[in-house]
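Could you work out the structure for the sequence below:
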Amino acid sequence: QTCSDPKSKPPFLLEKSMESSLKYINKKFPNIDVRNSTQHLGPVHREKAEIIRFLTNYYQSFVDVMEFRNLNFDFTQSYLDLIVTYTSVILLLSRIEDRRVLIGMYNCAHEMLHGHSDPSFARLGQMVLEYDHPLKKLTEEFGPHTKASSLGDEALLSLHFLFVRRNQGAEQWRSAQLLSLISTPPAMINPANSDTMACEYLSVEVMERWIIIGFLLCNGCLNSNSQCQKLWKLCLQGSLYITLIREDVLQVHKVTEDLFSSWKGYGKRVADIKESKEHVIANSGQFHCQRRQFLRMAVKELETVLTDEPGLLGPKALYVFMALSFIRDEVTWLVRHTENVTKTKTPEDYADSSFSLFVALGSSLYLHNLSVCPEEESIIMSSFVSTLSSLNLKQGNWREWRRKGLLRAYTSVAKAPLHLHENPDLAKVMNLIVFHSRMLDSVEKVLVETSDLSTFCFHLRTFEKMFTMTLEEPTMLRYAIAFPLICAHFVHCTHEMCPEEYPHLKNHSLHHCNSFLEELAKQTSNCVLEICAEQRNLSEQLLPKHCATTISKAKNKKMKQKQTPRKGEPERDKPGAESHRKNRSIVTNMDKLHLHLTELALTMNHVHSFSVFEHTIFPSEYLSSHLEARLNRAIVWLAGYNAATQEIARPSELLAGVKAYISFIQSLAQFVGADVSRVIRNALLQQTQPLDSCGEQTITTLYTNWYLEGLLRQASSGTITLAPAMQAFVSLPREGEQNFSAEEFSDVSEMRALAELLGPYGMKFLSENLMWHVTSQIVELKKLVVENMDVLVQIRSNFSKADLMASLLPQLTGADNVLKRMTIIGVILTFRAMAQEGLREVFSSHCPFLMGPIECLKEFVTADTDIKVRDRVKYNPLGRSVSSRRTRGQPGAAHTSPSLLPASVNHDPGYNNNIHCLTKAIIQVSAALFTLYNKNIETHLKEFLVVASVSLLQLGQETDKLKTRNRESISLLMRLESSFLTLDMLESCFPYVLLRNAYREVSRAFYLNRVAASTH
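Numbering: from 1, shown residues only. So this is what the prediction gives:
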């Protein structure tokens, strides 16, 4: 196989510089004159060391074949297996096209390096020449040898009764009630016995190899013995191909016909071959298809009975091994014929979509056998006691008896004048003893012998095709786990004499096991998420936004009014209508999905774990991984974010959908075998981070971007305004524009839902992004302060001098810009406070015993005590943001910037925007600045209020109504609600009488404007 594959072929055979040397070696093999052929062998001489290193394993393999050939003559008489293996090795040797080149090149390099040929080269070269036509040479070798040993008359004919019985059709099996434990209830607990116990589970393919190859070597008996003819013809009618080694097969009829056609006197045998071939082509496919159909039912019944009554496993162990061997025989026959039979009129006979059912049932029986029940040992031991008593053997250590007693029995039989075939009872007892001793000593070996499917390691294309067919057949999904389990059998392909194959076989096994489990987990997670989507659709029908229609219909029905539906509005069914069925035969999409999930859950739960080489595989971990990734993507999909149109789902609606998903996944905990709690926990935790484990955006990133770009940006432009009474942002209606309802995304319930979804980590990320934008505005404000530094210093010193203030105020630049940026800061800080309040309420609901002490502690810590701690800045997001961008060498900016605000407020044109957010901006920015520069917050805020109060009093002396039109509104804005200011301090700067008058004037103006609008 290695030499025939260009990828793994020795590199020397592909180099152009070696072509002349290869042709010379092939032509002169094995008589190669190394010393006098330097012209032809020059490239070999240059690379001799590398050739020796690379071709040593190849050369020694050929030497092993030669040594095996020498041993074969000593053991041929008794061991059919040895004959078949020897013949297979010789046939495979003849299939290696480059055998002469490999051997000859190695010997040339060896002679160049050591000065003499390899000791084995002469015999090895002679053997290669002799076996250029292997079958003819083999028949010559075995001709006299087989006559002396009567191989055809005795060894092969001993298989006749067994081979005939094992080749019965499905109808004969059915009439005999093969493998049925319940066909004869009175004998159900009796131990299953047979005259030839070990032969009952002997591989049919092994027997076919013995018979085909045996009669190829001792073909003389085919013309002289009718029993040999019958056995040979029956074997020819069973298979078109038999396995030599691994994936290499022997085309039975072609090879036999070619050999017999070259001999005289075999015309009738050639006719028998052609007739048998036609019979195989016409009938074998259907014959084996019917046997597989029978085995499906029979083995399923056997597995069900043993599951219900495990105590029967002991006395009926033989039935289990027979069932396993029958399944293995049918699977191996199907595999080797599927790959080699390319043209047939009945391709369906060579493609079985229910193949996995065989292996799954076999796996169940395999698992049953590994957990031997207590009753088995007592039954087996009682059988041994009766057997030992009949043989009059001394009791003692039974393992020692098996080692010595059997040998003594065979020795005594050999010395006695009687022969074993003349005493069948003794042979039966000995077979019984051997079988039961294997049951106690090496049951795993017997299981491997009867159920090994490692042949798939060399038929991977067929293996993958069968897996695909199983996935396409819904009724076979529950058995799909059979394919990963078969990968565990690949370890049986390794051999201690071929250690270099171990990594290759291991990689093949792990790769296919991983790919099969990945596909099963993918399909299972897809099915789970599809059901979740259906559950979410049902949950969506219960959302409050859909109740208005129901209420309207109920009201109209009560008032006996007929409501005409709107054009284009779909008719909605009431929640729960999907559960009403007039006929149970009507299958909904949800029914199909649940049935599909049931089948997949059965296959994923078939085994908790299994081993592939030295690796332990857990199918549930594959499902957990896929389910977690799919749930992450599903949650993001539910958000429905559209970057182009800036559309996104309301947090409350998304939360309802996520809860529907989670509730269904939690209900699967005992069905799918995965740790769904861990899956949900990991998925939701990843959604609180900016990116998930796959590097994709999460709902934390989506909602952070949307609230910043979609809601707060419009609030900054005046399209959306804050409604303190509603504790939400409200969209202002504008003609010709269709805006979203901001209150549907920012009210108290939405903030709570947002906090539920994003969690503390997500809300922290949102807060950090909000504060980054605040910091950007403060940086711009600092620039304005620096630009107006001189004027602000004078205003701070002369704010009580009206004449001087009148000349200084016009000198200020960017007053409108200050108001705009402070308003933006106020809007952002207000939204942040709303989000933090939502998070606090969620915390109080989820962990009240944690939040209670914290809330209690806050009552004993005053604002002054809290703010005096300098290190508190690092816990203050605004202070940390300002600190990270403050300009060194300009501490005066913090002192003079509050003076800029009252002056700017006096220039406020009074737009219907979010100017009322200015108060929060003033309080929090001032606290951050004064804390940062170690100033007394209360003193400087009082100074700010004094400047504002004086400015308003001076504004009252203005005669220009345009300048004084917003005086009352400004007075209300200056009512700062800060933990650093007392009511007495506010009263001294802004008396309550002034505020009361301001409230009255603002209310009156609002009423007059509304009357004017309604009149218009």
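
which residues touch Gln227?
Listed by CB atoms under 8 Å, 6 or more residues apart in numbering, the contact set of Gln227 reads 157, 160. In this view, the C-beta of every residue, glycine as well, is placed from N, C-alpha and C.

Quick check on Val612: phi, psi?
Main-chain dihedrals, Val612, degrees, to the nearest 10: phi -120, psi 110.

Identify the bridge partners of it.
His615 (DSSP bridges).

I figured it hits Leu510, correct?
Yes: Val612 is in contact with Leu510 according to CB atoms under 8 Å; the separation is 5.9 Å.

out of these two, which sits in the more crowded spot?
A side-by-side neighbour count of Val612 and Leu510, using other CB atoms under 10 Å, places Val612 first with 20 against 16.

which residues touch the more buried one?
Val612 neighbours (CB under 8 Å, 6+ apart): 487-488, 490-491, 509-510, 513.

let's see 10 Å
Applying CB atoms under 10 Å, 6 or more residues apart in numbering to Val612 gives the contacts 484-485, 487-491, 506, 509-510, 512-514.

And for Leu654?
635-636, 638-640, 648, 699, 702-703, 753-754, 756-757.

do the same with Thr830
Counted by CB under 10 Å, 6+ apart, Thr830 has contacts 712, 715, 722, 724, 727, 729, 914, 916-917, 919-921, 924.

hmm, which of the residues you listed are the buried ones?
712, 715, 722, 729, 914, 916-917, 919-921, 924 (16 or more other CB atoms under 10 Å).

which ones among the contacts of Thr830 are found in helices?
Applying DSSP state H to the contacts of Thr830, the entries found in helices are 715, 919-921, 924.

Pull the most distant pair out of the residues you listed.
Spatially, the most separated pair among the ones in helices among the contacts of Thr830 is Ala715 and Gln924, at 17.1 Å (CB to CB).

Ser276 is in contact with Cys235, correct?
Yes: if you go by CB atoms under 10 Å, Cys235 and Ser276 touch, sitting 8.7 Å apart.

Just the C-alpha atoms of stretch 331-343, please, in CSV.
Output in CSV follows, covering the C-alpha atoms of stretch 331-343 (Å, rounded to 0.1, in the frame of the first residue of the first chain):
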residue,chain,number,x,y,z
VAL,A,331,-21.1,-6.1,7.8
THR,A,332,-17.7,-7.3,6.4
TRP,A,333,-19.4,-8.9,3.4
LEU,A,334,-21.3,-5.7,2.7
VAL,A,335,-18.2,-3.5,3.1
ARG,A,336,-15.9,-5.4,0.8
HIS,A,337,-18.6,-5.9,-1.9
THR,A,338,-19.7,-2.2,-1.7
GLU,A,339,-16.3,-1.0,-2.5
ASN,A,340,-15.5,-3.6,-5.3
VAL,A,341,-18.9,-4.2,-7.0
THR,A,342,-19.3,-1.1,-9.1
LYS,A,343,-21.8,-2.4,-11.8
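
Tell me the gap between that stretch and the middle of its chain.
Put simply, stretch 331-343 sits 31 Å off its chain's centre (CA atoms, centre = their mean, to the nearest Å).

For it, buried residues please.
Neighbour-count burial for stretch 331-343 flags 331-339, 341 (criterion: 16+ other CB under 10 Å).

ok, so of the contacts of Val612, who is nearest Leu324?
Nearest to Leu324 among the contacts of Val612: His489, at 12.4 Å, using CB to CB.
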